[in-house]
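# What follows is a predicted structure for the sequence shown.
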Amino acid sequence: MKEENTTEHSPSLPGGLISVDQWKQPEMSVQRTLKDAIRHLTAQLRAGMSSDEEPFQSLDDLPSLTDKQIQHIAPHPDFTALAGALLDSLAELRESETLRREVAVVAAPPFSGVREALVRLPGLGAVSADAESWHLVAPPDNLLMNRQDACRWWDEQDLTGPWVIPELADFWLRHTSGFALISELFQRMVSGRVGPGLVGCSSWCWQFWESYLPDAHLGPLTPAPLDAERLGQWLEYLAASRDGRAITARMTDDGLYVLPVENPPDAEKRKHSGFLRDLATASRGIPGVALAIWQRSLRARPEDEMEEDPDSQTRGPGGRSCWVVPLDQLSLPSMPQSSDRSIGFILHALLLHDGLDEERIALVTGVGEPELQLALSRLARADVVYEGEASGRWHVTPLGYPTVRRHLQSWGYPVDGF
């Protein structure tokens, strides 16, 4: 497979889709880190700073952004646009013959937005009549089947194409009777007994099934990780997605610039912070994790709240300004200390299945009441997991994901490759 697509990608999917084998975690350069430290010290000691570069002394105590400000400065992405970008990237890979399989598999880390995008493909919502229509394949209520039942169920599904499964993790349970549906689907995909399709899959689910059926060879793709450059471009795109207003973000501790990534034309070269590189590393290049940390790090002066008044926005397309707290000053979720081994079982199950309700958590982990409820309550208080109001399913939080992954790995659990 080619190393990387060279064409320009949609701002909603920086880097496009790549082979899973090409994925690399964004890393922090030691040399650049030392340079940033020296630059920070120099900035702190510099006496003759211009007013444009000199931060206010009280910036470390600025309040967090309000929900209203976050909606304008760091909103959630448009998943319909992401759906279009995924299809465009797949079409490009097919045109270049990099992708030749009838069924494309997109295995992505949690919080990549793939599930949310794939439920918005043409034909699954309000789209134009001439758009290609996709058929959604939804899981059955009962996932515990034998092989014969699984074959019968798949026979009843329309897989002539184009068909889509937004999240493969919804089709199985780690239980002796919970493997049949995915096993049968993979056999049909490998043997060419299905039409053109698209399967989204959590990287944790994919790690399990790749180990369970190593000879399937389905050639999964994945979104390119957000390194510092891509992350900066993506955050600028999000900030301007509502009303086209650009964002200027600077560090609270030294006034160095975070955004915009590029220097404005005909302007003096700005000194940029290494924050985006640190954020890319801390989030493992995962969009939803990076956005959650970014939202937590943003600060604004009280007068900036007044600028968000609807009447003020009619005055012109001027940019917005905000301030950014260094990562080492942020309060992020940490794993509650406990000798209870059930916590690891629960967290691993939630990631394997991209969320579960309490009944199914108990089924796949063997953890019963009241132990299960106590463990979930403890994790929820630590902001490591949350319960979906509508679905009743428990999920790992985006902010809690980095520490959850680190702890599961240190406890000896198999982790994903992302």
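Received it, and whenever you're ready, just let me know what you need. Numbers count the residues shown, from 1 in each chain.
# Which parts of the stretch 51-200 of the chain are helices?
Along the stretch 51-200 of the chain, counting by DSSP state H, counting those that start in this stretch, helices occupy 67-73, 79-95, 114-118, 147-155, 180-190.
# Worst mean pLDDT among these?
Mean pLDDT values for the helices of the stretch 51-200 of the chain show the minimum at helix 67-73, a mean of 91.
# Burial check on residue 61, number of neighbours?
By other CB atoms under 10 Å, 9 other residues sit near residue 61. Where C-beta positions appear, they are placed from N, C-alpha and C, glycine not excepted.
# re the thing from before, looking at the helices of the stretch 51-200 of the chain, which is nearest to residue 284?
helix 114-118 (15.3 Å; CB to CB).
# Pull the distance from the closest one to the chain's centre.
Relative to the centre of its chain, helix 114-118 is centred 11 Å away, using CA atoms, centre = their mean, to the nearest Å.
# and it, C-alpha only, in CSV?
Coordinates of each C-alpha in helix 114-118 appear next as CSV, following Å, rounded to 0.1, in the frame of the first residue of the first chain:
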residue,chain,number,x,y,z
VAL,A,114,-16.3,7.0,12.6
ARG,A,115,-19.4,5.5,14.1
GLU,A,116,-21.1,8.9,14.2
ALA,A,117,-20.1,9.5,10.6
LEU,A,118,-21.2,6.2,9.2
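# What is the burial count for residue 244?
For residue 244, the neighbour count with other CB under 10 Å is 9.
# does it count as helix, strand or coil?
What DSSP: H, G, I helix; E, B strand; the rest coil gives for residue 244 is coil.
# Tell me the pLDDT of it.
We note a pLDDT of 87 for residue 244 in this prediction.
# same deal with residue 305?
53.
# coming back round to it: just put the helices of the stretch 51-200 of the chain in TSV and tack on distance to residue 297 and mean neighbour count.
Converted to TSV, the helices of the stretch 51-200 of the chain look like this (distance: least, CB to CB, whole Å; neighbours: other CB atoms under 10 Å):
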stretch	distance to residue 297	mean neighbour count
helix 67-73	11	17
helix 79-95	23	19
helix 114-118	23	24
helix 147-155	46	15
helix 180-190	39	20
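# got those as a markdown table, with distance to residue 380 columns?
As requested, those are exported to a markdown table (distance: least, CB to CB, whole Å):
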| stretch | distance to residue 380 |
| --- | --- |
| helix 67-73 | 21 |
| helix 79-95 | 26 |
| helix 114-118 | 22 |
| helix 147-155 | 34 |
| helix 180-190 | 29 |
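# Would you agree residue 294 is in contact with residue 235?
Yes: counting by CB atoms under 8 Å, residue 294 touches residue 235, with 6.3 Å between them.
# For these two, list the residues in contact with both.
Contact with both residue 294 and residue 235 is made by residues residue 74, according to CB atoms under 8 Å, 6 or more residues apart in numbering.
# buried residues in stretch 290-306?
Within stretch 290-306, the residues scored as buried using 16 or more other CB atoms under 10 Å are 290-301, 304.
# Let's see which of these end up in helices.
Using DSSP state H, the members of the buried residues of stretch 290-306 that fall within helices are 290-297, 304.
# now, which of these sits nearest residue 162?
Residue 162 has its nearest neighbour among these in residue 291, at 29.7 Å by CB to CB.
# Enumerate every residue touching that closest one.
Counting by CB under 8 Å, 6+ apart, residue 291 has contacts 74, 76-77, 235, 238, 398.
# give me the low-pLDDT residue ranges for the stretch 1-150 of the chain?
Residue ranges of the stretch 1-150 of the chain with pLDDT under 70: 1-8, 28-60, 125-131.
# Swap in 80 and give it another go.
1-9, 28-61, 123-132 (pLDDT under 80).
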